[in-house]
Structures are given as C-alpha cells and as structure tokens.
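A.B. asks: Give me a 3D structure for the following:
(one chain, ligands or ions: 1)
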Amino acid sequence: MTMKTKITKTKIAGIEFGSFVCNASGPNDSTLEELEAIVNSASSAIIFKSCTIEPRKGNDEPRYVRLPYGSIQSMGLPNLGYKEYIKFASQLRKHDKPIVASIAGLCIDDYVKMVRAFQDSDVDLIEVNLSCPNLEGKSQVGYDFRQTEEILRRIIGLGDKLVGLKLPPYYEPVHNQKMAKLVEKYKVSFITCINSVGNTLVIDPELEAPVIKPKRGFGGLCGEYIKPIALANVRVFYELLKDKVSIFGVGGVGSGVDAFEFLLAGADVVQVATTFEKEGASCFERINRELEGILQRKGYNSVQEVKGKLKY
Ligand code: DHB
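C.D. replies: Got it, this is the predicted structure:
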C-alpha cells in the first residue's frame with residue numbers, strides 16, 4: 001500500500017476500509033457481474049443493492065433519469081432476492097474488502113428473517129434500509145419512530161455481525177434526536193445518511209409530463225441537489241452521537257471536495273451512487289485521489305485528524 005492510500009484509511013464500526021470512498025446501495029450493485037466490477041474498482045467496500053425476501057423486477061420504466069445536478073429514481077427495489085446475495089457474499093469473500101448487505105423489508109417479519117439470514121453469512125456489515133421511498137402505498141419506515149423501534153427491538157442481538165441503519169433525510173432536529181436516542185438504546189453500530197429525498201417531482205415541460213413513470217412521477221431525488229441536506233444530517237447525527245456510532249455519508253458526492261466536506265461534517269466513509277451511475281466504477285479512484293490531494297495540500301496525515309472538525 002502506498003503512503004497515499006494510507007491517509008484515507010478508515011473504519012466503520014471497527015471494520016477496516018482501505019479508503020474513504022465506496023459504492024452505495026443503489027445503482028449497479030444488483031447482479032454478480034455488477035458487484036465484480038465494484039470488486040475490481042477502488043471502491044473500499046462492496047455494498048449490495050437493497051434486497052427483499054423474493055426477487056423483484058421493480059417498477060415500470062422510465063424509472064431512473066439523469067438530471068443536470070443529479071438524478072430522480074423510482075426503481076422499486078429490483079433485486080434478485082436475499083438468498084442470492086448470501087451466495088454472492090460467499091463468492092466475493094475472497095477479496096479483501098468489507099462486504100455490506102442491504103436489506104429492505106416489506107414488513108417487520110421480513111427484516112427479522114433477512115437480518116437473521118445475513119447474520120449467518122459471509123458479509124461484514126448489515127445495513128438495514130429504513131428509507132426506500134418508492135413502494136406504492138408504503139411510507140418510509142424511518143419516519144415512523146414506533147415502527148423503527150419495533151424493528152430494532154427484533155433485529156438487534158440476533159448475531160455478532162454489526163448492524164446499521166440507512167436513514168431518510170430529516171429536516172427537523174427533533175427527528176434526528178428521536179432517531180439518535182433509538183440508535184443509542186439499541187446499540188446500532190453505524191448509520192448511513194442519507195437516502196434519496198423521497199417523493200419529489202421533476203416535470204418535462206416539452207412533454208408536459210413527469211420524467212419518470214412510477215407513482216405518477218414522484219420519486220427519490222439524488223445527487224448534488226441533496227448534498228446540503230445530507231451534510232446537515234451527517235453533522236447533526238455526529239454532534240448527537242460522536243464516536244459511539246460510525247457514519248456513512250451519502251448524497252451528492254461527486255468529487256474529493258465533496259468527500260472532504262462530508263469528512264468535516266463527521267462522516268467516516270462516503271458512499272457514491274449517482275456519480276457511479278453516470279461515470280462508472282473509475283469514480284471511486286478519482287474521488288479518493290482528489291480527497292488525498294486536498295488532505296496533503298492542507299498538511300493532514302489522516303482522515304481521523306479532520307473528522308468532524310468543522311470550524312465555527
Ligand atoms: C430503492 C430506492 C431507494 O432509495 C432505496 O433506499 C431502496 C430502493 C428502489 O426504488 O429500488
């Protein structure tokens with residue numbers, strides 16, 4: 001390992017990540033072929049698409065549209081079903097990168113069943129997605145603190161693998177505080193902030209129609225548009241939880257500068273989705289290299305020196 005790689009070495013919940021940048025549960029991580037492209041990239045982890053109990057085709061197309069500063073999507077959880085991802089974990093285990101499963105239940109029992117199954121698998125971390133905005137008729141679990149607590153009560157302590165939560169964006173600090181209390185109470189090991197900004201509408205004025213088809217055009221907004229919301233959520237949770245919980249920052253990371261901003265806010269690792277979809281797997285190396293350049297220029301020797309050190 002070169003000196004350069006070392007300065008962005010980091011950890012999530014005690015698990016070592018070779019760099020500050022990895023993929024997000026989202027685009028291009030559903031099939032073994034896609035996951036192998038992530039293995040062969042500079043992504044410091046292999047994070048799987050959120051899975052459900054049964055395989056799903058997902059929503060009707062168009063369901064993902066690139067926008068000037070990001071994307072809108074309503075994929076509808078297309079995935080191969082959790083059993084395939086358990087197999088993929090054993091096939092990918094030989095590579096020296098942390099493997100992160102992402103699970104998305106359609107009901108509480110689904111969460112329990114999948115956490116139990118992944119506890120007995122080759123993954124390193126289990127990211128429990130409480131924030132998929134794209135299921136017709138279902139609201140995001142992370143906005144319902146009672147349901148979140150019920151899920152936590154049933155999924156924490158099912159095994160030794162560390163469990164984290166992928167959270168929706170919050171806009172009122174009292175909501176971050178409520179979630180932080182649950183995170184502490186149930187000893188959640190990491191949080192991922194934020195999922196896409198749900199239920200947004202992008203209209204094509206020529207067609208006089210929404211740009212995506214599912215849910216009458218309402219979908220999750222991603223990319224640069226949502227970076228300030230993501231930074232605010234990382235910051236608020238960092239202030240509430242400090243070093244008790246690791247934080248994946250996600251939402252609009254397209255450059256080393258973006259990654260550096262997330263680091264200042266308090267992130268331990270950043271995940272990249274929209275830029276990965278647009279640019280391909282070379283983005284992980286580029287973003288991490290840009291971050292290394294910033295750290296070196298500023299005279300820092302590690303990400304730990306900067307983490308959370310936003311100045312006022
Ligand atoms: C999907 C979108 C999300 O934002 C998410 O967290 C999980 C799944 C989707 O539509 O596939």
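A.B. asks: could you check whether stretch 247-256 is close to the ligand?
C.D. replies: No: using CB under 6 Å from any ligand atom, stretch 247-256 stays clear of the ligand, with a minimum separation of 10.3 Å. Where C-beta positions appear, they are placed from N, C-alpha and C, glycine not excepted.
A.B. asks: Quick check: the residue located most distally from the centre of the chain vs residue 74, distance?
C.D. replies: Residue farthest from the centre of the chain, counting by CA atoms, centre = their mean, is residue 206 at 33.8 Å. According to CB to CB, to the nearest Å, residue 206 and residue 74 sit 21 Å apart.
A.B. asks: again, but for residue 161
C.D. replies: 30 Å.
A.B. asks: Between these two, which has more neighbouring residues?
C.D. replies: For residue 161 versus residue 74, the count of surrounding residues by other CB atoms under 10 Å is larger for residue 74: 30 against 19.
A.B. asks: Now the more buried one: closest residue in space that isn't a chain neighbour?
C.D. replies: Among residues not flanking residue 74 along the chain, residue 219 sits closest, at 3.6 Å (CB to CB, 6 or more residues apart in numbering).
A.B. asks: same check, this time on residue 23
C.D. replies: residue 43 (4.8 Å).
A.B. asks: part of a helix, is that neighbour?
C.D. replies: No: counting by DSSP: H, G, I helix; E, B strand; the rest coil, residue 43 is located in no helix; its state is coil.
A.B. asks: who touches it in this structure?
C.D. replies: Residues near residue 43 by CB atoms under 8 Å, 6 or more residues apart in numbering: 21-23, 97, 281, 284.
A.B. asks: same check, this time on residue 203
C.D. replies: With CB under 8 Å, 6+ apart, residue 203 has these contacts: 209-211, 217.
A.B. asks: cutoff 7 Å now
C.D. replies: For residue 203, the contacting residues are residue 210, by CB atoms under 7 Å, 6 or more residues apart in numbering.
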